[in-house]
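Asks: Take a look and give me a structure for this.
(chains A and B)
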Amino acid sequence: MAPGSSARRFCFVHAADLHLDTPFSGVHESAPHVARALRDASLAAFDAIVDLALEREAAFVVIAGDVYDGPERGLRAQLRFRDGLARLGKMGIASFVVHGNHDPVATGWSAIRTWPDGVTVFGHEHVGLVEVERAGRQVATVQGISYPTRAVAENLALRFARPDGPGIHVGVLHCSVRGAADGHASYSPCTLDDLRRVGLDYWALGHVHQHRVLATGTGPGDPWVVYPGNSQARSPRASERGAKGAVVAHVDSDRVERVEHVACDAVRFVELDCRIEGAGGVEDLEDRLLALGDEAVGRADGRALVVRARLVGRSALHDDLARPGVVEELVARLRESAAHDAPLCWWDEIVDGSGAPRDLDAVRARGDFSADLLELAGSIATDTQALESLAAELVGGVPRSLARDLGALVADRDTLLRLLATATGRALDELAGDPT
Amino acid sequence: MRITGWRVDGYGVLHDHHVHDLPAGITVLVGPNEAGKTTLLDFVRSVLFGFPDRRHARATHPPLAGGRHGGALELLGDDGRRWLLERHRDGDGPVLTLAAARHAPDGPAVVSGTSGEDGLQRLLGGADAELFRTVFAFGLAELSSLRLLESEDVRDLVFSAGVLGAGRSATRSVKALGARQAVLVRPRQADATANRLRTQLSEIERELRELRRAAEAYPEHAAELTRATERAGMARVQADACRGRLSDLGMLDRCRPIWDDRLAARAELGRLGPRTATASVLLARAPDIRLLARRRSGHEERVARRVAVDRQLAELDRTVTDALADLGGTLPGSWTVAPGPEHVAPRGSSVLVRQSCELTAHLDAAASELARSLSATLGRARDAATGSTGSPTTGARDATDALRSLGELRLLVGERDRLAAERDQRGHEERLASLAARRTGSRRTIGYVAAALALLAAGTAGAVATSHLRLGTGVAAVLAVAAVALAILAVAVAVAPPRDRGRAADAPGRDEQALGRVELDRIVEAVADHARTVGLPAAPSAVEVDVARTRLESVADAQQRVERLRALARTRSDLVATVHPLDSAIARFGHDVAELAADLWSAADGPRPPDAAAPESLDGLDGLDGLDGLEQMERGLADAERDDHRRSEIERSVAACDAELARALGTGPRAQRLLAELEAGDAGAWERERDELAARIVRADAERDELLRAQHELERELAELESSARVAELEAARNACQTELDTALERYAVLGIARALLARTLALYEHERQPAVVARAATLFATVTDGRYPRLLAQVGDESGGGRGIEAVTPSGARVDAAALSRGTAEQLYLCLRLALAESFAARTEALPLVLDDVLVNFDPGRAHAVARAVADYARGHQVLAFTCHPHVAQILASTAPGARVVELDRSAFASR
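Replies: From the prediction side, this is the model:
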């Protein structure tokens, strides 16, 4: 590399939403080795980001909020974070951190009294600004601001301004860019135009868990606007699936030439749909599921997988699946089949979304008890009050200790409707005389 | 489905009982009591639904007449297929066999079979034993029981809510769902899945809260750890300081004896004081003193020898004096002879030399005089013979020679005289002449000797009288007398005629005589020679010889005494010669001592201070031999050396103490401080301090241990906090548990909603729709009662069953509860309800045979016929098996149902057929 080229051509790493030591949600109880892998996944992902920065000899690392998942900020997470930044600092790689809605400055606690060298944690009172030098030349100016509290309604982007100075100008912000943060709470809402008006070269954003490149910078007034996504999936939800990691921004002559998303996650979630039609029995179904699992493992680049399968379709096999313990037994057998596989493939759950080969119109036409039941279920589904009454009836039937959990479960209309649909089929199954 | 026959292998009183080809309508089985009607009814129930076990109150009907307990029913399905259902009490369950064709010659051919309940359930339309017993196969006792009609299944049947194909009743589904719900959630039951998960979740959350609190206390714990560490360090330092001090005190205790020794040594050193100047001088001159000391023995020996010499000289002087006195002389006037050994006074060597010289000279003079006298005498005689003169010494030798010669002469004279006598005897003239000649020579010699001696004596006497020697007058007189006597003798000898001359001249010669003469001549000649030698005549007589000899002996004796004196004088001179070196050495020694003493004086401290006492050791060194001074110096030196030696020993001891202290204490400020403490030494204070320190150490150690425990605990806690994944584990566990709980609650919700749907639909039926079963029963009941109760009302009651029941409504609208009806009317009502239920069941699922056991006996004839007609109507589409022991009942049934088959039973027929 020619002298001075390291000052013109370099890269920096942009990560966000580390949610360190975040427990996975929506995952069932698992074997100890799986629990360990899941437990350490967010920390391993952060370590991988640090390794990435070291490997790429990044000029600096920006972390755009939500380092921790909650105000409790696990001690292990804090120490691991500190140690990771210390590793960067030892290699001369500066790191810049802002806090987001999950780890605002005013809440939570800090076990870290002194940050390692090279670490800048931007405060929440004003936009902080730090110049970055490389090979004796100022190559970047990084500015950022943290959340004081969880709910920040202010458009913090408006506080940023481009100062004079050579190098690229990077803004680090945890925010919701309109149109890009659907499904996420709208904290520090802003628009792309708000960001463009600031005049920076690169917006290192956080908050949205999917990797998004909202704008590819073309020059002054047209910055790169990038969400790197979270570093490690946290649940089987759709937004948490796929590769997770960080973005490597490649800079040449004070311009970000391109960004590269690098997967750093340790565990991935996949959801597989498995049709039951044509399956001769549960054993056939198991073979189908294993084949699907193998395909998913092959696509995961050697990462551990947590698999959730959904059985769909209508078949007489549904009656077998509906028998108590059949699906659980199927899950246990799948887990056992993959117990010694590497990489890890953990069958978390099989959701039986299949149905009996029933013609509901025919049932309705019978005009009997089942028809009346179908009519009743239909009327409830379309009657909000009846739905609420049904939910209240359910909640009222459980001990007080469980009322809140159940209430939370059925408070969601969609969930309740889904439960109603499932229950209707179950009731018809019952009336059909299946001795389940 | 209907029953076309049976085979009773053994059941109660029945054994090997066969009935075949029962028709589809009414079959009346009539027989007396104990004919086995009720037993047969129970047999049908048992084969269809299983044998009652001990939990049931119903009879089990063990085979009383032999045979395997159980049997078979021949069944005809609605699809026309014939089945043989076998069941035995000792079997594994029902065995349902499909028969190939009706009336096969060799009985029912098995074309396929199943042992499961499923086929049977399908044949039975899902009816269970209870439903069958309640609705389809009942006796008078069941008929009269309203309770039986209130069972859930019957109720479902009543409200048309229980069946859909081969499904179960809505109520049972509700119950089943409820049961499954209860597995998931149950009030006050911790073992239900969701309850357990909720409890587990609460526990996890509680532990999480605690761990988070603990984690949030991390900074404070860290600070507390720092404080605890510091305090533990301080306590340790304090304890170490106390231990150090305790060690110091122990060291002080151990060093104390050393220090005391050092102190004692120092005190002794103080007492010894510093080395004095005199001691320094003495020590500086120690080699000289020691050299003198080594010389002292020689000195003392020399002094002793000197004294001995003095004594010897004194003794010698006394001897000389006595000898001189014997010789008649005296010592020179300067001599002083000590009267005895104890009175010996030392004389100087010069005096002694001078005295010796005087004595030697004195004796030399005397000896010379004697020698001259003798020599003169002998010398003349010898000179006469030899023509030479001798010295005094020669004279003395001459005297000796003369005496020897005289002795020989005397012998020769005697021999001569003997030879002469012999010659005389043989002719002794010649011999006498020879002998006379020889005697003349000897005599002459002797005369000469005598004269010489006389002259010597006279000369000696004269010389003594005139010499310096003061010989005694006695000696001089003796010498004079001797001289005179000798002179006389000499003259006499010389002039006297030889007496033997005549005998020699007279001796004749013959041979012997000639030989005698020759011998005599030779002897005479020898006598003459010898006589000449001693100054006697050539032929001296024996007397002459003896006289000369006596005289010569006197001179020789005097000469010898003089010689002895001279020898004494020489001896004395020799002794005196030794005196001077002795005196010189003694004087030199004294000089050296004195000189050393003088040097000591001058080197000690220069001019003696006027008030200073003279060093004792320097006194008295100027004596002759200086021995006292030397001894004092030696003593002083010995004292100085002893003191120095002791001082050195003490200093070495002090140094050893110091070295030991240095080894024990080391160096540096601590050692200095401990030395200072040793110097200040207060053992009592040390002891008190030790006790106090021990107590402080105990307290400090206890405090330190406590702090260390706290520190270790904090470190452990911090390490656990730092390294623990427990929070993450718990959070994962919490989420997993929450997921499990959500899943369980979702399942619970699905079951609950399904249950609610079923219950609400059921309630809808009960409240809003008139059940067809009740309507049919009302029609039948109105017919049976001839319009007395045209309607029936079914009371739904609550979910718990309360308020349920059937009410009969009179034409006027009055509602009469079934319980208020007469027994017969109520039995008619229940029979109508059962017929309606059976019809409904048959319409929805499967037509099952209706088995009636004497249910008409309580009806009046009119209503009995009416009921019989209703049964006959029912039997048009269903099989009815009517058992009765009353012939009129059988007649009524047979009369109201054309084509009814009547089977008569008797007590003996069962066992035989």
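Asks: residues near residue 27, how many?
Replies: I'll assume chain A. Residues within reach of residue A:27, counting by other Cβ atoms under 10 Å in any protein chain shown, total 26. Quick note: C-beta positions are derived from backbone N, CA and C, even for glycine.
Asks: sorry, should have said chain B
Replies: Using other Cβ under 10 Å, residue B:27 is surrounded by 25 other residues.
Asks: My read is that it contacts residue B:903, right?
Replies: Yes. Under the criterion of Cβ atoms under 8 Å, residue B:27 makes contact with residue B:903 at 6.2 Å.
Asks: quick one, phi/psi of the closest residue to residue A:395 other than its chain neighbours?
Replies: Nearest residue to residue A:395, sequence neighbours excluded (Cβ to Cβ, 6 or more residues apart in numbering or on different chains): residue A:407, at 4.7 Å. When read as degrees, to the nearest 10, the backbone of residue A:407 gives phi -60, psi -40.
Asks: same question, the one 5 residues further on
Replies: For residue A:412, the backbone dihedrals (degrees, to the nearest 10) come out as phi -80, psi 120.
Asks: same question, residue A:29
Replies: According to degrees, to the nearest 10, residue A:29 has phi -60, psi 140.
Asks: List the contacts of it.
Replies: Applying Cβ atoms under 8 Å, 6 or more residues apart in numbering or on different chains, one finds that residue A:29 lies in contact with B:733, B:736-737, B:739-740.
Asks: cool, and residue A:207?
Replies: Counting by Cβ under 8 Å, 6+ apart, residue A:207 makes contact with A:16-17, A:64-66, A:100-101, A:174-176, A:181, A:184, A:187-188, A:227.
Asks: roughly how far apart are the residue nearest to residue A:395 and residue B:749?
Replies: In this structure, residue A:407 lies at 11 Å from residue B:749, with Cβ to Cβ, to the nearest Å as the measure.
Asks: which one of those two has more residues nearby?
Replies: residue B:749 (31 against 16).
Asks: For the more buried one, give me its contacts.
Replies: Contacts of residue B:749 (Cβ under 8 Å, 6+ apart): A:394, A:406, A:409-410, A:419, A:423.
Asks: What is the burial count for the residue lying closest to it once chain neighbours are set aside?
Replies: The shortest distance from residue B:749 to any non-neighbouring residue, by Cβ to Cβ, 6+ apart, is to residue A:419 (5.0 Å). For residue A:419, the count of nearby residues is 27 (other Cβ under 10 Å).
Asks: So residue A:419 is in contact with residue B:750, correct?
Replies: Yes. Applying Cβ under 8 Å, one finds residue A:419 in contact with residue B:750, separated by 5.5 Å.
Asks: Report the helix or strand with the lowest average pLDDT across chain A.
Replies: Counting by mean pLDDT, DSSP states H and E, chain A has its least confident helix or strand at helix A:5-8, which shows a mean of 69.
Asks: Which residues of the stretch 601-750 of chain B lie near chain A?
Replies: Counting by Cβ under 8 Å from any Cβ of the partner chain, the stretch 601-750 of chain B comes close to chain A at B:721-725, B:727-729, B:731-743, B:745-746, B:748-750.
Asks: low-scoring stretches of the stretch 601-750 of chain B, by residue?
Replies: The model of the stretch 601-750 of chain B has pLDDT under 70 over residues B:604-626.
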